[in-house]
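1. give me a model of this one.
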Amino acid sequence: MSFTALDALQGHMMARQAHPDLVILDVAMPGGGGPAVLERLRGMQGTTFIPILVYSGLEGTRVEQLMPAGADTSFMAKPGTPDELLRTVASLLGQSEDRPAA
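-> Numbers count the residues shown, from 1 in each chain. Next up, the predicted model:
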């Protein structure tokens with residue numbers, strides 16, 4: 001099942017309630033921005049170890065400076081191809097690229 005949040009506050013609340021397998025997070029989102037959501041998710045019990053893919057149109061080095069250090073956090077520049085996105089998601093979920101996601 002997938003969920004879509006319209007802003008940072010909604011995204012943070014949804015991640016806390018839904019306990020997703022993965023979060024795809026845009027840095028330039030309304031309501032506080034992706035870096036604030038990422039920091040909150042990494043700092044709260046229950047969301048600390050959720051894999052997060054920061055998917056952004058901003059320059060990669062700028063985004064990576066905003067991202068707190070943490071395992072299971074990756075960056076992918078927009079626009080990525082569907083195959084690139086699927087490979088990155090599979091990697092974050094610890095799945096083989098040959099095996100479809102559940």
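2. so who does residue 57 touch?
-> Residue 57 makes contacts with 28, 77-79, as judged by CB atoms under 8 Å, 6 or more residues apart in numbering. C-beta: built from backbone N, CA, C; applies to glycine.
3. can you tell me how far it is from residue 87?
-> 19 Å (CB to CB, to the nearest Å).
4. and for residue 94?
-> 13 Å.
5. okay, the two: which has more neighbours?
-> Ranked by neighbour count (other CB atoms under 10 Å), residue 94 and residue 87 place residue 87 first, with 14 against 8.
6. part of a helix, is that one?
-> Yes - the assignment for residue 87 is a helix, going by DSSP: H, G, I helix; E, B strand; the rest coil.
7. would you mark the buried spots in the helix or strand encompassing residue 14?
-> Applying DSSP states H and E as the criterion places residue 14 in helix 8-18. Using 16 or more other CB atoms under 10 Å as the test for burial, helix 8-18 gives 8-12, 15.
8. now do the same contact list for residue 31.
-> Contact partners of residue 31, counting by CB under 8 Å, 6+ apart, are 7-10.
9. redo that, cut-off 6 Å
-> 7-9 (CB atoms under 6 Å, 6 or more residues apart in numbering).
10. need those in a markdown table with distance to residue 1 and pLDDT, can you?
-> As requested, the contacts of residue 31 are arranged in a markdown table below (distance: CB to CB, whole Å; pLDDT from 0 to 100):
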| residue | distance to residue 1 | pLDDT |
| --- | --- | --- |
| 7 | 20 | 85 |
| 8 | 21 | 82 |
| 9 | 21 | 84 |
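11. what helix or strand does residue 6 sit in?
-> Per DSSP H and E, there is no helix or strand for residue 6.
12. spatially nearest residue to it (excluding sequence neighbours)?
-> residue 30 (7.5 Å; CB to CB, 6 or more residues apart in numbering).
13. for that neighbour, phi and psi?
-> The phi and psi torsions at residue 30 (degrees, to the nearest 10) take the values phi -70, psi 160.
14. thank you, goodbye.
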